[in-house]
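Chemist: I'd like to go over a predicted model; first the sequence, then the structure.
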Amino acid sequence: MNLMNDIFEADSEIADLILKELKRQEEGIELIPSENYTYRAVLQAVGSVFTNKYSEGYPKKRYYGGNEVVDEVEQIAIDRAKQLFGAEHVNVQPYSGSPANQAVYFALLNLKDKYLGFNLTSGGHLTHGSHVNFSGKNYTCVSYDVDPKTEMLDMDNVRKLAIQEKPKMIISGLTAYPRAIDFKAFQEICEEVNAYQLADISHIAGLVAGGAHMSPVPYADVVTTTTHKSLRGPRGAIIMCKTEDRLHDLYHPTSKKNLAQLIDSAVFPGLQGGPHDHVTAAKAITFKEAMKPEFKEYAQQIVKNAKALADELMALDIKLVSNGTDNHLILIDLRPDGLTGEGKLIQNALDAAGITTNKNTVPYEPSTPFNPSGIRLGTPAITSRGMKESEMKVIASGIARVIKSKGDKSVSAKVHEEILELTKEFPLYPGLSILK
Ligand code: DSN
């Protein structure tokens, strides 16, 4: 059964656009590090009848009838996530990464409370304290940054800042930082200054699940992750946490709730209404896939591909932030090529070459976030397509030529021909007929 067969009859305009997007995804090289190609089973679960149901509450504690099947699905998703990550407690209901982080703030902080977050322009996320986001408007964020010379995090500096500022929470995690994060060192600092650690592993969850990056789960009080990035699942998120509140007597002395209960009640009824049960079913499928031995190989290959792509780019005289990568992510610094503030120009030129990336700030960005000096790349999606080190050479060559040409249209057109040849060898969803 293909639940999507009816789209043509219901709305041929949208059906055509789905086909057009499939073609774009199939013919291009997807290098946005937060994107991926999910499993066919996940696509189908998201299109399933679970979208019809309302289930406010938690398994066996619902506010609507008819939830006996949803209860089974949600409990399976919880149990699998616990097993996959070794977590004590998991909430699988957050709609996406930002609401998941918002729920943690809501559970642990009072308005205006102080916390430390990673500077957005150097690799943190919008929800880690940006002044335009709830995290910067409602709470007092003090940002830590990378070392200006190495462009890497220096844990001694984070520790000094934590001792000076006495935050209630420290966020570890990244969206544009190409290096490994030492979650154990973050936890030691948190314990020294009586702060909670919130580890946001949205980008690296697949690497953590596959053993290709240190897991924060044994250390951090709370861990959030989206499920659709390197983990390859549906759009959504989960929150993992310890059961006990290590800082209960200090910060929640009158509360009868432990940490797990604080988090659950912040998600529902604190912030969200009915969970997206169709997405919960897809999350359960994703966690099952991620427990297979093949997923370990996949996670290792993401990192191998990122290293191969980084090495090849550097061999072609492209400057990378921190001169390399430890994870799935690469940040190109365009400034040595005379392209300060021209990230948008290069993103567009790469789009014309069939290579999808995103413009991004570099540490201590001299231009603006809308016209930044960097390009962010990542390997989860191309690794899902089966590409390996030899394909990274072809892709690096195309990227380097586009950058060195400073966005010359004829260079992008030539690279596009090569990309079309390459992607033909790696069909996306082989055999899938999305529409009749
Ligand atoms: N938009 C995601 C990213 O690209 O990193 C984070 O929310």
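Modeler: Yes, it's here.
Chemist: For this protein, what lies in contact range of the ligand?
Modeler: Proximity of the chain to the ligand (C-beta under 6 Å from any ligand atom) is limited to residues Ser34, Gly97, His125, Thr175. To be clear about C-beta, it is placed using only N, CA and C from the backbone, and glycine gets the same treatment.
Chemist: Longest helix in the chain, please.
Modeler: Longest helix of the chain, by residue count under DSSP state H: helix 293-315.
Chemist: gap between the helix or strand following that one and the chain center?
Modeler: Later in the chain than helix 293-315, the nearest helix or strand by DSSP states H and E is strand 329-333. Mean-position distance between strand 329-333 and its chain equals 16 Å (C-alpha atoms, centre = their mean, to the nearest Å).
Chemist: Determine the set of other helices and strands touching strand 329-333.
Modeler: For strand 329-333, the packing partners by 3 or more C-beta pairs under 8 Å, 6 or more residues apart in numbering; DSSP states H and E come out as helix 293-315, strand 374-378.
Chemist: returning to that earlier point: so the longest helix of the chain versus strand 329-333, what angle?
Modeler: 10 degrees (axes from the mean of the first three to the mean of the last three C-alpha atoms, to 10 degrees).
Chemist: where in the chain is pLDDT low?
Modeler: 1-4, 431-436 (pLDDT under 70).
Chemist: 90 - rerun?
Modeler: Low-confidence segments of the chain (pLDDT under 90): 1-6, 8-9, 429-436.
Chemist: For the ligand, what's its nearest residue on it.
Modeler: Residue nearest to the ligand within the chain: Ser34 (3.3 Å; C-beta to the nearest ligand atom).
Chemist: What's the separation between that residue and Asp113?
Modeler: Between Ser34 and Asp113 the computed distance is 28 Å (C-beta to C-beta, to the nearest Å).
Chemist: Same check on Val394?
Modeler: 50 Å.
Chemist: try Val223
Modeler: Taking C-beta to C-beta, one finds Val223 at 20 Å from Asp113.
Chemist: of these two, who's got more company?
Modeler: Neighbours per residue, other C-beta atoms under 10 Å: of Val223 and Asp113, the larger number sits with Val223, 29 against 16.
Chemist: who's in contact with the more buried one?
Modeler: Phe85, Ala87, Leu198, Ala199, Asp200, Ile201, Pro216, Val217, Ile239, Met240, Cys241 (C-beta atoms under 8 Å, 6 or more residues apart in numbering).
Chemist: Please settle this for me: is it part of a strand?
Modeler: Yes - according to DSSP: H, G, I helix; E, B strand; the rest coil, the state of Val223 is that of a strand.
Chemist: Let me see the contact set for the closest residue in space to Ile201 that isn't next to it in sequence.
Modeler: Closest residue to Ile201 apart from its sequence neighbours, by C-beta to C-beta, 6 or more residues apart in numbering: Thr225 at 4.7 Å. Thr225 is in contact with Gly97, Ala100, Asp200, Ile201, Ser202, Ala205, Leu231, Ala237, Ile238, Met240, counting by C-beta under 8 Å, 6+ apart.
Chemist: Repeat that for Tyr115.
Modeler: Counted by C-beta under 8 Å, 6+ apart, Tyr115 has contacts Leu109, Gly129, Tyr139, Thr140, Cys141, Val142, Pro167, Lys168, Met169, Ile170, Ile171, Ala195.
Chemist: same deal with Ala107?
Modeler: Listed by C-beta under 8 Å, 6+ apart, the contact partners of Ala107 are Leu262, Ile263, Ser265, Ala266, Gly270.
Chemist: would TSV of these with distance to Met152, secondary structure and neighbour count be doable?
Modeler: Compiled in TSV, these are given as follows (distance: C-beta to C-beta, whole Å; DSSP: H, G, I helix; E, B strand; the rest coil; neighbours: other C-beta atoms under 10 Å):
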residue	distance to Met152	secondary structure	neighbour count
Leu262	33	helix	21
Ile263	31	helix	29
Ser265	38	helix	16
Ala266	33	helix	23
Gly270	36	helix	14
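Chemist: Export those as a markdown table, with columns for distance to Gly354.
Modeler: As requested, the contacts of Ala107 are arranged in a markdown table below (distance: C-beta to C-beta, whole Å):
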| residue | distance to Gly354 |
| --- | --- |
| Leu262 | 47 |
| Ile263 | 42 |
| Ser265 | 47 |
| Ala266 | 43 |
| Gly270 | 44 |
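Chemist: Look at Ile32 and tell me its secondary structure.
Modeler: coil.
Chemist: out of the helices and strands packed on strand 329-333, nearest to Ser410?
Modeler: Taking C-beta to C-beta, strand 374-378 is the member of those nearest to Ser410, at 20.2 Å.
Chemist: tell me what that closest one is packed against?
Modeler: strand 329-333, helix 343-352, strand 358-360.
Chemist: could you check the angle strand 329-333 makes with the longest one?
Modeler: Pointing back at helix 343-352 there. Using the same axes, to 10 degrees, helix 343-352 lies at 120 degrees relative to strand 329-333.
Chemist: Which stretches in the stretch 1-150 of the chain count as helices?
Modeler: Taking DSSP state H, counting those that start in this stretch, the helices of the stretch 1-150 of the chain run over residues 7-10, 12-27, 40-46, 68-85, 97-108, 134-137.
Chemist: For the closest residue to Phe287 other than its chain neighbours, list the residues it contacts.
Modeler: Leaving out its chain neighbours, the residue that sits closest to Phe287 by C-beta to C-beta, 6+ apart is Arg80, at 3.7 Å. Listed by C-beta under 8 Å, 6+ apart, the contact set of Arg80 reads Ala284, Phe287, Lys288, Met291.
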